[in-house]
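In: I need the structure of the sequence given here:
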Amino acid sequence: MTGPAQSGPAQTGLVQTGHIPVMLPEVLATLVPHDGGTYLDGTFGGGAYASAILDHARCTLWAIDRDPDAIQRGASLVARYAGRLHLLHGHFADMVALLAQAGVSRLDGIVLDLGVSSFQLDDPDRGFSFRHDGPLDMRMGKHGTSAADLVNTLPERAMADILYQFGEERASRRIAQAIVAARQQAPIETTARLASIIRSVLPPDRSGNHPATRSFQALRIKVNDELQQIQTALAQAARLLGPNGRLVVVAFHSLEDRIVKQFMHQLSGRTGAPSRHDPAGLTHRHAPAFRLLTARALRPASGETDQNPRSRSARLRALERLDESPAP
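Out: The predicted structure follows:
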């Protein structure tokens, strides 16, 4: 990709603020925005993808974010792309209803950048990162149950289950036991204290990652119900795509990527045929309504991972609705 899609003023400004969009050239090359099209950025964040899409084509873009701070930050971009960029405050899992209220029922493309944004990670007051001491919060939408609520009230067994299921943390029982013992001395209210508790029972990770990485991921996913939100959002995205419409998803850890992969493989007919001994094999299988655009997940280029270490775990997968195929 050349021209403003990579180096326009919107993109440059976002990089200067510390927000570096992940796999932006690959997203644009796969989404292929065109003049007159209508698109959705379901995870607006810092607006990097939105700006690049609008710079790339004379199109209309709707953008959703559950974080009120993201909507507020986007006001300057709404002014810059007057009449072309429209922000919606809410969950991307509610995209059908949110767009319906705006009179939109069909899209030419959707992009989803899963997980937590750089703005949220780098703001100590949001409590997402163990690298900055702050209140143990982790709520993307700033309401509901916080991470502090979980670590101070959950039974030890439930805490261990969350760390194992959502963080794939093998030492989940040991960490849960340490958390319960520590909160009996005083409530765990800051990211630094929780990270210290986890570090006290785990040896340094050979990969160089902080010992609290998986536990913080698990708590964030649980607080924001992220995996269920992803499953719901993918199903709604498929309903919204018009003929030849494309869905592009960037995931950052195995749990997210597994959901995206299974969903796209199922819609594109990549699931295996039933056994000849299975009665389901006698049922007529309809031709798939979608085409898988990424036989294998795309990975960021080495130059990008050198510039932005947070991109190292990124996986991009994409799907296209076949021409005139019916909505699922």
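In: quick one: contacts of whichever strand or helix holds residue 245?
Out: Applying DSSP states H and E as the criterion places residue 245 in strand 241-251. The contact list for strand 241-251 (CB atoms under 8 Å, 6 or more residues apart in numbering) reads 22-23, 27, 30-32, 106-115, 234, 237-238, 257, 259-260, 264, 293, 314-325. Backbone N, C-alpha and C define where each C-beta goes, glycine included.
In: Would you tell me what the next helix or strand after it is?
Out: Trace forward from strand 241-251 with DSSP H and E and the next one is helix 254-267.
In: And for the closest residue to residue 161 other than its chain neighbours, the neighbour number?
Out: Closest residue to residue 161 in three dimensions, ignoring its sequence neighbours and counting by CB to CB, 6 or more residues apart in numbering: residue 172, at 7.4 Å. By other CB atoms under 10 Å, 21 other residues sit near residue 172.
In: strand partners of the strand holding residue 245, parallel vs antiparallel please.
Out: strand 107-113 (parallel), strand 315-321 (antiparallel) (DSSP bridges).
In: Buried ones among the contacts of strand 241-251?
Out: 22-23, 27, 30-32, 107-115, 234, 237-238, 257, 259-260, 264, 293, 314-321, 325 (16 or more other CB atoms under 10 Å).
In: List the residue ranges of the protein that fall below the pLDDT cut-off.
Out: 1-19, 272-285, 324-328 (pLDDT under 70).
In: Kindly state the domain boundaries assigned to it.
Out: By the assignment in automatic domain parsing, the chain contains the domains 4-119+226-321, 124-224.
In: still on that earlier bit, tell me the angle the strand holding residue 245 makes with helix 254-267.
Out: 150 degrees (axes from the mean of the first three to the mean of the last three CA atoms, to 10 degrees).
In: Buried residues, strand 241-251. List them.
Out: Those would be 241-242, 244-251, for strand 241-251 by 16+ other CB under 10 Å.
In: Isn't the residue nearest to residue 161 up against residue 158?
Out: No. The criterion here is CB atoms under 8 Å, and residue 172 misses it with residue 158 at 10.9 Å.
In: Let me see the contact set for the residue nearest to the spatial centre of the chain.
Out: Among the residues of the chain, the smallest C-alpha distance to the mean C-alpha position (CA atoms, centre = their mean) belongs to residue 114, namely 0.8 Å. Residue 114 makes contact with 43, 226, 230, 249-252, 256, 260, according to CB under 8 Å, 6+ apart.
In: if you set the cut-off to 10 Å instead, what comes out?
Out: 42-43, 92, 226-227, 229-230, 233, 249-253, 255-257, 259-260, 314-315 (CB atoms under 10 Å, 6 or more residues apart in numbering).
In: ok, now how distant is it from residue 247?
Out: To residue 247, residue 114 is 12 Å away according to CB to CB, to the nearest Å.
In: ok, now residue 64?
Out: From residue 64 to residue 247 the distance is 14 Å (CB to CB).
In: Now do the SS call for residue 176.
Out: Classification of residue 176 using DSSP: H, G, I helix; E, B strand; the rest coil returns helix.
In: Around it, how many other residues sit close by?
Out: 25.
In: my guess is it contacts residue 150, does it?
Out: No. Judged on CB atoms under 10 Å, residue 176 makes no contact with residue 150 at a distance of 11.0 Å.
In: which residues are in contact with both of the two?
Out: 158-159, 162.
In: Turn the strands paired with strand 241-251 into JSON lines, including distance to residue 207.
Out: Shown next, in JSON lines, are the strands paired with strand 241-251 (distance: least, CB to CB, whole Å):
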{"stretch": "strand 107-113", "distance to residue 207": "24"}
{"stretch": "strand 315-321", "distance to residue 207": "18"}
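In: show me what contacts residue 81?
Out: With CB under 10 Å, 6+ apart, residue 81 has these contacts: 10, 47, 50-51, 53-55, 59-61.
In: Let me fix that, I meant to ask about residue 132.
Out: Residue 132 is in contact with 121-126, 191-192, counting by CB under 10 Å, 6+ apart.
In: got a winner among these for most neighbours?
Out: Ranking the contacts of residue 132 using other CB under 10 Å puts residue 191 first, with 26 neighbours.
In: and that residue, what is it in contact with?
Out: By CB under 10 Å, 6+ apart, residue 191 lies in contact with 124, 126-138, 147-148, 212, 216.
In: Filter the residues you listed down to the buried ones, ChimeraX style.
Out: Here is the ChimeraX command that selects the buried residues among the contacts of residue 191 (16+ other CB under 10 Å):
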select :124,126,127,128,129,130,134,136,137,138,147,148,212,216
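In: re the thing from before, quickly name whichever of the contacts of residue 132 is closest to residue 207.
Out: If you rank those by distance to residue 207 using CB to CB, residue 121 comes first, at 18.7 Å.
In: Return the backbone torsion pair for the closest one.
Out: Dihedral pair for residue 121: phi -60, psi -40, per degrees, to the nearest 10.
In: pretty sure it is touching residue 134, no?
Out: No. The criterion here is CB under 10 Å, and residue 121 misses it with residue 134 at 11.1 Å.
In: So for residue 89, what's the nearest residue that isn't a sequence neighbour?
Out: residue 71 (4.9 Å).
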